[in-house]
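> turn this into a model:
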Amino acid sequence: MIAYVAAQFKPLEKRLMRFLVTTYFKHYHWRRDCVGLHNDGRVRAVAWTDFIQGLIMVFGLIVLSIAAMICLGGFPPDV
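Alright, predicted model coming up:
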């Protein structure tokens, strides 16, 4: 992940230096913020996706457990 992010810096610098005539230092902070926000958004998306998938699995486990008990004859009378 770090290598992927680091590899994005140099091509972005070359493009910005071609279109906007300024110094490397001014672009460094802008690029760092853009890439950081982009990756932060991806991490949040993965976290939400994992959370929702976990909820679906827990719900499915509960439903299937109840369905299996009903198919096997229900709960014992002493429970």
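
> identify the residues contacting the spatially most central residue of the chain.
The chain has V46 as the residue nearest its centroid, 1.9 Å off, counting by CA atoms, centre = their mean. For V46, the contact set (CB atoms under 8 Å, 6 or more residues apart in numbering) is empty. To be clear about C-beta, it is placed using only N, CA and C from the backbone, and glycine gets the same treatment.

> measure it to I66 for me?
Applying CB to CB, to the nearest Å, the value for V46 to I66 is 31 Å.

> please state the offset of the top helix by length along the chain from the chain centre?
Counting residues, the longest helix found in the chain (DSSP state H) is helix 24-71. The chain centre lies 4 Å from the centre of helix 24-71; the measure is CA atoms, centre = their mean, to the nearest Å.

> need the mean per-residue confidence for that helix.
Mean per-residue pLDDT for helix 24-71: 88.

> numbering from 203 from now on, please.
Fine by me, first position is 203 from now on; the one you just mentioned is helix 226-273.

> picking that back up, measure the residue nearest to the centre of the chain to G275 for me?
From V248 to G275 the distance is 42 Å (CB to CB).

> kindly report the same for W232.
As judged by CB to CB, W232 and G275 stand 67 Å apart.

> do I204 as well
Counting by CB to CB, the gap from I204 to G275 is 56 Å.

> next: F211.
From F211 to G275 the distance is 64 Å (CB to CB).

> same check, this time on I254
34 Å.

> look at the two and report which has more neighbours.
The neighbour comparison of I254 against G275 (other CB atoms under 10 Å) goes to I254, with 10 against 7.
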